[in-house]
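Trainee: no FASTA, just this:
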């Protein structure tokens, strides 16, 4: 009876079944081992070699040619970077190669010299043009030579490990799986596996948490799918003849091939030496923003709106991810991102965040400098204080570019009234996206109509329910007070000694009325 309820039957086997339905081809450990050089290597080289040949051609004089065998072999060697800089730095270098590809020199036909061409590891534009494999109990030799580690499930894209899943039975907390995952990333264990991995995932059939490599235990997150007809269809296709568990929903949400590549390409970033992955509210907010800005309002401009995400929900990183998506996927319109705050400390923080995330942001030092940056076509991202529009409006004729995206932080603040008008005078056709973390009062909601409709919200209650923030508790407390009436009367008599009786009575009535109102 115990075997029926162990982690293999309750969590691991159902996870494998769902992954196979999503399009992952299952390999047993012997098959996987034959595709790599040794147990300390984690790339399925046979798969990667095949896909590099399939995906890549270089063009010369209107004809397509295959890359040489030597360059294909070299590309496999080059992606497997040594861990000399530590796990996260190495992971970042590999991430760059996966995202951008690498350049290799080819001998041109008819001995016309040599030229470099780009070779890609992943087909980002066509997710289903890649090969997806899943291996259970994937054996990896420890770096210290003291045995092996066997993660429950490892997911591969074109032979490169992208995901690791640790399964537990329902009676065991997923915290145990998280601790194992963090331990296995340690330098004595198998960091050579995790340098490639983008999503780590701990689950039992009832609950699950995900993160990316290097994430401390307290920053692992839950995922709440904003269910759509498409998601329900994918879930029903993946789970046959039984009711879906929470584990099933998580796997379909995070690991279906299209979502997996999307999360990696747009929703993972390196903030200085910390690797981060989006939380669900950031992902769905950006999806809604992207749909919104494709709409055109009655003035022919992109639809603007508000993103109401409570403090602690990661608004700054949401802005970074949004900017990254716009700049990479909307290059044909030459977009410009303007990040606007109302305090020097906020401007400093967001400018630092953008630059730590390797998005080069220029910081406006004055109103005149802001005008220069707005007119500089080589500048993609500008951070500025809203107050600089006070000067800019005097120096700059209206810029009627409809592809300027103004991300306005703390957009509920009342001081945005007049400054908001000056900002709109300089940029009358920009797309305005207001971000606020403060609960909206009636008056503030009216003020925010200037930005357009509410695009997405993540409230304090949502954050508390997700255990991402702690609840705010207020306790009323009565303070006992004593009044020395004799001393007050004497002091009042001294102050009013030069007044007549009528004036004294008027003053006494005013003091008595204030006391009543205060009570």
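Mentor: Everything's here; your move. Everything numeric in this text was worked out from a predicted model, so none of it was measured.
Trainee: okay, and for the chain, where does confidence drop off?
Mentor: Scanning the chain for pLDDT under 70 picks out 1-5, 411-416, 439-449, 472-483, 511-519.
Trainee: Show me the domain layout of it.
Mentor: 2-42+124-270, 278-465, 485-518 (automatic domain parsing).
Trainee: tell me what the strand or helix carrying residue 383 is packed against?
Mentor: Assigned by DSSP states H and E, residue 383 belongs to strand 381-385. On a contact count with 3 or more CB pairs under 8 Å, 6 or more residues apart in numbering; DSSP states H and E, strand 381-385 meets strand 336-341, helix 344-356, strand 361-363, helix 367-374. Every residue, glycine included, has its C-beta placed from N, CA and C.
Trainee: C-terminal to that strand, which secondary structure element comes first?
Mentor: Once strand 381-385 ends, the next helix or strand along the chain (criterion: DSSP H and E) is helix 389-395.
Trainee: In its sheet, which strands sit next to the helix or strand following that following helix, and in what direction?
Mentor: Sequence order places strand 404-409 as the next helix or strand after helix 389-395, per DSSP H and E. Looking at strand 404-409 with DSSP bridges, its partner strands are strand 336-341 (parallel), strand 431-436 (parallel).
Trainee: what element comes up after strand 404-409 heading to the C-terminus?
Mentor: helix 416-426.
Trainee: Next, the angle from that next one to helix 367-374.
Mentor: Here the directions of helix 416-426 and helix 367-374 differ by 50 degrees (axes from the mean of the first three to the mean of the last three CA atoms, to 10 degrees).
Trainee: residues near the residue nearest to residue 346 when sequence neighbours are not counted, how many?
Mentor: Setting aside the residues directly before and after it, residue 346 is nearest to residue 409 in space (CB to CB, 6 or more residues apart in numbering), at 6.1 Å. Neighbour count for residue 409, taken as other CB atoms under 10 Å: 23.
Trainee: those helices in the stretch 101-250 of the chain, which residues are they?
Mentor: 174-184, 191-194, 229-238, 246-255 (DSSP state H, counting those that start in this stretch).
Trainee: Dump the ones you listed into a markdown table; add distance to residue 424 and mean neighbour count as well.
Mentor: A markdown table is the format used below for these (distance: least, CB to CB, whole Å; neighbours: other CB atoms under 10 Å):
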| stretch | distance to residue 424 | mean neighbour count |
| --- | --- | --- |
| helix 174-184 | 47 | 19 |
| helix 191-194 | 48 | 23 |
| helix 229-238 | 37 | 14 |
| helix 246-255 | 39 | 23 |
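Trainee: The ones you listed: which one's closest to residue 112?
Mentor: Across these, residue 112 has its closest neighbour in helix 191-194 (40.6 Å, CB to CB).
Trainee: State the number of residues packed around residue 68.
Mentor: 13.
Trainee: Quick one: residues contacting the residue nearest to residue 346.
Mentor: Residues near residue 409 by CB atoms under 8 Å, 6 or more residues apart in numbering: 315-316, 319, 339-342, 346, 350, 435.
Trainee: just residue 458 next, same as before
Mentor: Neighbour list for residue 458: 281, 285, 308-310, 313 [criterion: CB under 8 Å, 6+ apart].
Trainee: Equivalent analysis for residue 19, please.
Mentor: Shown in contact with residue 19 (CB under 8 Å, 6+ apart): 26, 134, 153, 155, 251, 255.
Trainee: 10 Å instead?
Mentor: Contact analysis of residue 19 by CB atoms under 10 Å, 6 or more residues apart in numbering lists 25-26, 132-134, 136, 153, 155, 163, 165, 238, 251-252, 255-256.
Trainee: Buried subset of those residues, written for ChimeraX?
Mentor: Only the buried entries of the contacts of residue 19 go into this ChimeraX selection, using 16 or more other CB atoms under 10 Å:
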select :132,133,134,136,153,155,163,165,238,251,252,255,256
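Trainee: Out of the contacts of residue 19, which is nearest to residue 115?
Mentor: Taking CB to CB as the measure, residue 132 is the one of the contacts of residue 19 closest to residue 115, at 33.0 Å.
Trainee: wait, what's in contact with the residue lying closest to the closest one once chain neighbours are set aside?
Mentor: Spatial nearest neighbour of residue 132, chain neighbours left out: residue 24 (4.5 Å); criterion: CB to CB, 6+ apart. Residues near residue 24 by CB under 10 Å, 6+ apart: 16, 18, 131-135, 153, 155-157, 163, 255-257.
Trainee: So residue 89, which state does it fall into?
Mentor: Secondary structure state of residue 89, per DSSP: H, G, I helix; E, B strand; the rest coil, is helix.
Trainee: My read is that it contacts residue 270, right?
Mentor: Yes. Residue 89 lies in contact with residue 270 (CB atoms under 10 Å); the separation is 9.0 Å.
Trainee: Who has more neighbours out of these two?
Mentor: The residue with more neighbours, out of residue 89 and residue 270, is residue 270; 19 against 16, by other CB under 10 Å.
Trainee: Would you mind stating the distance between the more buried one and residue 43?
Mentor: 22 Å (CB to CB, to the nearest Å).
Trainee: what about residue 258, how many neighbours?
Mentor: Residue 258, neighbours per other CB under 10 Å, totals 13.
Trainee: for the residue nearest to it when sequence neighbours are not counted, what are its contacts?
Mentor: Spatial nearest neighbour of residue 258, excluding adjacent residues (CB to CB, 6+ apart): residue 127 at 4.5 Å. Neighbour list for residue 127: 23, 157, 256-262, 265 [criterion: CB under 10 Å, 6+ apart].
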